[in-house]
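Student: got a predicted structure plus its sequence, pasted below:
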Amino acid sequence: MELKDTLTIAAPVEAVFAALTDPETVRACIPGCESLVPVTATELQARVALKLGPVKARFSGLVELDVSAAPQRIRLSGRGDGGIAGFAQGGADVELLADGQTTILTYVAKAEIGGKIAQMGARLIDGTARKLASEFFTDFKTIVEDASR
Amino acid sequence: MQSFSYHKPGTVTDAASLLAARDNAALLAGGMTLLPTMKQRLAAPDDIIDLAAIRELSGITMEGEDLVIGAMTRHADVAGSDLVKEVLPALAGLASRIGDQQVRHRGTIGGSISNNDPAADYPAAILALNATIVTSQRAIAADDFFVGLFETALRPGEIVTAIRFPRAKRAAYAKFPNPASRYAIAGVFVAQTGGAVRVAVTGAAPFVFRATDVEAALSANYAVEALERLSIDTQDLMSDIHADREYRGHLVMVMARRAVAESLKRSG
C-alpha cells in the first residue's frame, strides 16, 4: 500500500526541514502520539494511541530518521508493536523543493500492518493510512506556517 | 477477560449522563461491531452502557410527512415493516440485505450510523434521502453528519435517538456485496425528491459521499442512459484486497445505473 501527495507550505525550505526533524513538532502532528523521545541522533522512541471506530490500540516503537540527503530529501521509517493488537510498520520519503519563499513538499509513504488488527481491518488499511497521513501533513503545514509568520 | 461495569439505563437522559461522567465508556446498541472488537481485545471499555431497555428509542412511525425510525430499531424490523415498505420501499429493501440473518436481528440503525463504517449500507440511504439525525442534544442534517472514516459529527456524550426520513418520489439502492461479509464493496443509493436528485455512495471511499457528477447528469435527465458515458474520479477511492480503486470506480457506475433502473420501476 502506497500513498503519494504533494502540498505547498508557505515557509522556506530551511524552516520546513527544521520542523520535520524537530521531535516536538513531529509529535504534535502524529495523530494520537503521546510521546516522542530522541534515543540517538537519528532514532526516536514513540508511543501512539490509535483510535479508529471501535478499535483502540496503543503502539510503541522506534522511528528512524535518515537525513543523509538533507535538506532536499528526508527518509522516515518505523516499526511499532501494539501488543495483542499486532504490529505496524511503515516509512515515508519526503522531498522538499524550494519555490521562492514557499516549499513544495512531496511524500511517498508505505504502510503495512500485521497480526490481529490486520485480520480485522484488512479492508480498512488503505483508508486508515490515508487518514493518518493527511492529518499529519495538514497539522504539519499549519504549525510550520504559523511559526514562520 | 477484561472486566467492565455494565449499565442498563431506562431513559436517554440517564444514558447520556452516564456517558458524560465516564472517560472510557462505550454505548451498546446491537453490539454487531463493539462485541467482536472486544472479543478480539481490540477495545476494552471500562463501562458498557446498554441502550436495550430504553423504550423510546425503538419503533417506526409517521410524523407529518416524515418517516421516523428510532435509533434502536433493528434492521429486520425496518425490512419487515409494512409502513416502511409503503412509504420508502427502497429503505426496507436496503435493510433486508444488510449482513446476514443474525446481524439483521441484532444490529440497529442508530448503531450503524454512529459507527459510520465505510462499507455500511444505512449511511448511503440517509445521505441520499437527505434524512435528519435526531440526537439527545439536537438535529443534524445528513450532509453534516458523516465527516470521516468512522467519524461523525456526534460530540462526546451525544446519543442518536431517531432518524427522520422525508418521502421520496423515486428511490433505490444497489450494492455489490462482499460475498463473505455482505459489506458493500460498492453501494449506491439514488433518490429523487421534488426536483432534486441525490446520489450517495458507500463502500468505495473512506466514508460515504455524494456523487455530484452523477447527480447533475440525473437532474438533467433521470434515465439510465444519462449515466452511460459517465465515470467517476477514482483518485479518492479505496484499494484493498477485495477491489482496487479503478474496479471500485467501475462498480459505482454499474450500481448507479442499476439503482436508477430499479427506481424507475416503482416510486419511493
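Tutor: Happy to help now that I have it. Residues are numbered from 1 along each chain as shown, chains lettered A, B, ... in the order given.
Student: residues of the host helix or strand of B:Ala79 that come out buried?
Tutor: Per DSSP states H and E, B:Ala79 falls inside helix B:75-80. Of all the residues in helix B:75-80, those buried under the rule 16 or more other C-beta atoms under 10 Å in any protein chain shown are B:His75, B:Ala76, B:Asp77, B:Val78, B:Ala79. Heads up, the C-betas are built off the backbone N, CA and C, glycines and all.
Student: excluding sequence neighbours, find me the nearest residue to B:Gly93.
Tutor: Of all residues not flanking B:Gly93 in the chain, B:Tyr173 sits nearest, at 6.3 Å (C-beta to C-beta, 6 or more residues apart in numbering or on different chains).
Student: what pairs with whichever strand or helix holds that neighbour, parallel or antiparallel?
Tutor: Using DSSP H and E, B:Tyr173 falls within strand B:170-177. Each strand paired with strand B:170-177, and its direction, by DSSP bridges: strand B:184-193 (antiparallel).
Student: can you list the residues that contact the lowest-mean-pLDDT helix or strand in chain B?
Tutor: Within chain B, no helix or strand scores below helix B:34-39, which has a mean of 92 by mean pLDDT, DSSP states H and E. Outside helix B:34-39, the residues that touch it by C-beta atoms under 8 Å, 6 or more residues apart in numbering or on different chains are A:Pro54, A:Val55, A:Met120, B:Gln2, B:Ala26, B:Leu28, B:Ala43, B:Ala44, B:Pro45.
Student: quick one: the following helix or strand past that helix near chain A?
Tutor: Following helix B:34-39 in sequence order, the next helix or strand is strand B:47-50 (DSSP H and E). No - Strand B:47-50 is not in contact with chain A by C-beta under 8 Å from any C-beta of the partner chain; minimum separation 12.1 Å.
Student: now strand B:47-50 - C-alpha only, PDB.
Tutor: Extracted in PDB, the C-alpha atoms of strand B:47-50 (Å, rounded to 0.1, in the frame of the first residue of the first chain):
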ATOM      1  CA  ASP B  47     -18.100   0.900  31.200                       C
ATOM      2  CA  ILE B  48     -20.700  -0.600  28.900                       C
ATOM      3  CA  ILE B  49     -24.000   1.400  28.600                       C
ATOM      4  CA  ASP B  50     -26.600  -0.900  27.200                       C
END
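Student: what lies in contact with the helix or strand following it?
Tutor: Next along the chain after strand B:47-50, taking DSSP H and E as the criterion, comes strand B:60-63. Identification of contacts with strand B:60-63 by C-beta under 8 Å, 6+ apart yields B:Leu67, B:Val68, B:Ile69, B:Gly70, B:Thr73, B:Asp77, B:Val78, B:Ser81, B:Leu83, B:Val84, B:Val87, B:Arg164.
Student: repeat that for 7 Å
Tutor: The contact list for strand B:60-63, computed with C-beta atoms under 7 Å, 6 or more residues apart in numbering or on different chains, reads B:Val68, B:Ile69, B:Thr73, B:Val78, B:Ser81, B:Leu83, B:Val84.
Student: and which of these is nearest to chain A?
Tutor: Of all the contacts of strand B:60-63, chain A sits closest to B:Thr73, with 20.7 Å by C-beta to the nearest C-beta.
Student: I figured the closest one hits B:Ile109, correct?
Tutor: Yes - counting by C-beta atoms under 7 Å, B:Thr73 touches B:Ile109, with 5.5 Å between them.
Student: ramachandran angles for whichever residue of the stretch 51-200 of chain B sits closest to chain A?
Tutor: Nearest to chain A in the stretch 51-200 of chain B, going by C-beta to the nearest C-beta, is B:Phe150, at a distance of 3.4 Å. The phi/psi pair for B:Phe150 (degrees, to the nearest 10) reads phi 60, psi 20.
Student: my guess is it meets A:Gly53, correct?
Tutor: Yes - using C-beta under 7 Å, B:Phe150 makes contact with A:Gly53 at a distance of 3.4 Å.
Student: can you show me the strands along the chain?
Tutor: All of this refers to chain A. A:2-9, A:33-38, A:43-52, A:55-66, A:73-81, A:87-99, A:102-114 (DSSP state E).
Student: think we crossed wires, I meant chain B
Tutor: Under DSSP E, chain B gives strands at B:5-7, B:25-28, B:47-50, B:60-63, B:66-70, B:132-135, B:139-141, B:146-148, B:151-152, B:160-165, B:170-177, B:184-193, B:196-202, B:209-210.
Student: reformat these as CSV; add mean pLDDT.
Tutor: Formatted as CSV, those follow (pLDDT from 0 to 100):
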stretch, mean pLDDT
strand B:5-7, 98
strand B:25-28, 96
strand B:47-50, 98
strand B:60-63, 98
strand B:66-70, 98
strand B:132-135, 98
strand B:139-141, 98
strand B:146-148, 94
strand B:151-152, 94
strand B:160-165, 98
strand B:170-177, 97
strand B:184-193, 96
strand B:196-202, 97
strand B:209-210, 98
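Student: out of the contacts of strand B:60-63, who has the most neighbours?
Tutor: In terms of neighbours by other C-beta atoms under 10 Å in any protein chain shown, those top out with B:Ile69 at 28 neighbours.
Student: so what pairs up with that residue in the strands?
Tutor: Residues in beta-bridge contact with B:Ile69 (DSSP bridges): B:Ile60, B:Ile163.
Student: one step back: dump the strands of chain A to TSV, plus mean neighbour count, distance to chain B and mean pLDDT.
Tutor: Listed next are the strands of chain A as TSV, based on neighbours: other C-beta atoms under 10 Å in any protein chain shown; distance: least, C-beta to the nearest C-beta, whole Å; pLDDT from 0 to 100:
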stretch	mean neighbour count	distance to chain B	mean pLDDT
strand A:2-9	14	10	89
strand A:33-38	14	15	92
strand A:43-52	17	6	88
strand A:55-66	18	5	87
strand A:73-81	17	15	88
strand A:87-99	17	13	90
strand A:102-114	17	12	89
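Student: which of the contacts of helix B:34-39 are buried?
Tutor: Buried among the contacts of helix B:34-39 by 16+ other C-beta under 10 Å: A:Pro54, A:Val55, A:Met120, B:Ala26, B:Leu28, B:Ala43, B:Pro45.
Student: residue contacts, B:Val84?
Tutor: Contacts of B:Val84 by C-beta under 7 Å, 6+ apart are B:Ile60, B:Leu67, B:Val78, B:Leu91, B:Ala92.
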